[in-house]
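Chemist: Got a sequence here, can you model it:
(chains A and B)
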Amino acid sequence: MAERKYRAKTDFILRKIDGSNVLISTGENLASFNGYIEMNDTACFIWETLAEEKSEAELLAIMREYYETDPEQLEKDVCEFLEEMQTYQMLEVL
Amino acid sequence: MTQEVITRRRPLNGTFELTLRCNLHCRMCLFRHKDSENEALRARELSAGAWIDLAQQAAELGTFSILITGGEPLLRPDFSEIWEGIYRKGFMTELYTNATLVTPQIMKTLKKCPPHRIGITVYGASEETYEKVCGSADAYNRMMEGADLLTELPSRVRFRTTLIRDNAGELSEMERLIKERYDRPLTMTRMVTGPVRGGAADVRSCRLGARENAEIIAGRKHMIIDEKVSSEGPVAEKKAEGYLLGCHAGIDQYTITNDGKLLGCQMLDKFATDALREGLKKAWEIWPETLTERKQNVFCKSCPYRGACLDCYAYRLAETGGLTDRPAYICEDAALMNRMRGGKECIV
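Modeler: Numbers count the residues shown, from 1 in each chain, chains lettered A, B, ... in the order given. I've put the predicted structure just below:
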């Protein structure tokens, strides 16, 4: 079975507001989430990376290039963030 | 103005006033002109392209939320183009409307680009009352049809009313209607002041007396007294300490008028820069330089009711036509509110 891939939904618009990264839910997505999310720089990096579809493995490989951290911890954090983003229906699962 | 205030200014919240025109002719409207379809007024209104360009500038400047209002914004034939163009820039969006002009075309746009919040104004619970307050009996039914459609959107919808002599007796019916039909509360505009910015409505002949207004508030526990009230005294007092106008105006909020001026507050056009000519960034940056005329109201300094007072520059201008006179209506309200909070008997 092909590996699942993820892509950031274009209904969320990333803005820089007063120094913070803010992801604003728009369009049809309001039915599931009417609001906005403030993201730290790492979350923002993941979001921007997922502008093009990526599998979890591909995303992790890119993350490892940019972040010198414990690989297991990185995998755990990325996995959790992907799950959280799916909860808020922020991702297209391909 | 101190350097500290300058560094704290951030244009987070913008109001875009698409038009001052309105299809209704409410007796108490602050902004309504005698001839709201006046060609000269129409000609000054910004084009759809200009609004969308200003929205792009607002996004670049770091504006977080945009309120689209009027007048009645749905009156603009190019509303859909303007709304979608602004919406796509990525703001938290809010739409104020009287809900009487919700066409299939507008619903198509709002389904595609639903506002995060919608504020619907309600002026009565019957055709008769709408006729008296707004000059249109049919507007009552159109409001209900519009509200039915708008509440189907995933937006957070709020209903609010302004009470005057002609609809105050129907408040309970209005509350029941909104509760039963939409399962939402009805909130009330706290203060009905005189007209501003060339508005022609004779507010004083139709608004409630300060005592009647205060008694209605006292009788309805869900009413929240305006957040501006604090033990620190009226907001206008704070300006002398370096807070510009003593409120959010020009600190983290601004209004773009229908003809492209930048104001700190939609009610207060005494202090304005030109966003259309200067660009939004410069208009925002130089706006504090327009505040040279402001003066403190000497009456407020020693007022015992200042802790319960809503006075601000906008209210003062609306009530007295100037910035320094004593706004008797606001003063009476403050004294009554002070009494309701357990303060001493008031003499106004």
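Chemist: Can you tell me which residues in chain A are near chain B?
Modeler: Taking CB under 8 Å from any CB of the partner chain as the criterion, chain A approaches chain B at residues A:13-18, A:22, A:24, A:26-28, A:30-31, A:34-36. Glycine gets a C-beta too; all of them are placed from N, C-alpha and C.
Chemist: List buried residues within the residues you listed.
Modeler: A:Ile13, A:Leu14, A:Arg15, A:Ile17, A:Val22, A:Ile24, A:Thr26, A:Gly27, A:Leu30, A:Asn34, A:Tyr36 (16 or more other CB atoms under 10 Å in any protein chain shown).
Chemist: which one among these gets closest to chain B?
Modeler: A:Ile13 (3.0 Å; CB to the nearest CB).
Chemist: Against A:Met85, how distant is that closest one?
Modeler: Per CB to CB, to the nearest Å, A:Ile13 is found 15 Å from A:Met85.
Chemist: do B:Thr189 as well
Modeler: 40 Å.
Chemist: Counting neighbours, go ahead and name the busier of these two.
Modeler: The residue with more neighbours, out of B:Thr189 and A:Met85, is A:Met85; 21 against 14, by other CB atoms under 10 Å in any protein chain shown.
Chemist: and the stretch 101-250 of chain B, which of its residues are near chain A?
Modeler: Looking at chain A, the residues of the stretch 101-250 of chain B close enough under CB under 8 Å from any CB are B:Lys112, B:Cys113, B:Pro114, B:His116, B:Leu153, B:Pro154, B:Ser155, B:Arg156.
Chemist: So which of the residues you listed sit within strands?
Modeler: Members of those lying in strands (criterion: DSSP state E): B:Arg156.
Chemist: Let's verify the single nearest residue of chain B relative to chain A: helix, strand, or coil?
Modeler: Nearest to chain A, among the residues of chain B, is B:Gly90, at 3.0 Å (CB to the nearest CB). The local conformation at B:Gly90, judged by DSSP: H, G, I helix; E, B strand; the rest coil, is coil.
Chemist: That one: neighbouring residues, count only.
Modeler: 22.
Chemist: And it, what's its pLDDT?
Modeler: In this model, B:Gly90 is scored at 97, pLDDT.
Chemist: Could you do A:Met1 as well?
Modeler: 59.
Chemist: Return the helix or strand in chain A with minimum mean pLDDT.
Modeler: helix A:71-87 (a mean of 92; mean pLDDT, DSSP states H and E).
Chemist: rewinding a little: which ChimeraX command selects the buried ones in the residues of the stretch 101-250 of chain B next to chain A?
Modeler: Buried members of those, defined by 16+ other CB under 10 Å, are picked up in ChimeraX with:
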select /B:113,114,116,153,154,155
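Chemist: would you list the residues of the stretch 101-250 of chain B next to chain A in CSV and tack on distance to B:Thr257?
Modeler: Below are those laid out as CSV (distance: CB to CB, whole Å):
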residue, distance to B:Thr257
B:Lys112, 28
B:Cys113, 23
B:Pro114, 26
B:His116, 23
B:Leu153, 27
B:Pro154, 30
B:Ser155, 25
B:Arg156, 26
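Chemist: give me the low-pLDDT residue ranges for chain A?
Modeler: Low-confidence segments of chain A (pLDDT under 70): A:1.
Chemist: Nearest the geometric middle of it, what residue?
Modeler: A:Trp47 (3.7 Å; CA atoms, centre = their mean).
Chemist: For B:Thr187, see how far away B:Ile120 is.
Modeler: 11 Å.
Chemist: Looking at these two, which has the bigger crowd around it?
Modeler: Higher neighbour count among B:Ile120 and B:Thr187: B:Ile120, with 25 against 17, using other CB under 10 Å.
Chemist: Quick one: the helices in the stretch 101-250 of chain B, in order.
Modeler: B:104-112, B:127-134, B:138-150, B:171-182, B:203-206, B:210-219, B:235-238 (DSSP state H, counting those that start in this stretch).
Chemist: which of the ones you listed is buried the deepest?
Modeler: Highest mean neighbour count of the helices of the stretch 101-250 of chain B: helix B:235-238, a mean of 22 (counted as mean count of other CB atoms under 10 Å in any protein chain shown).
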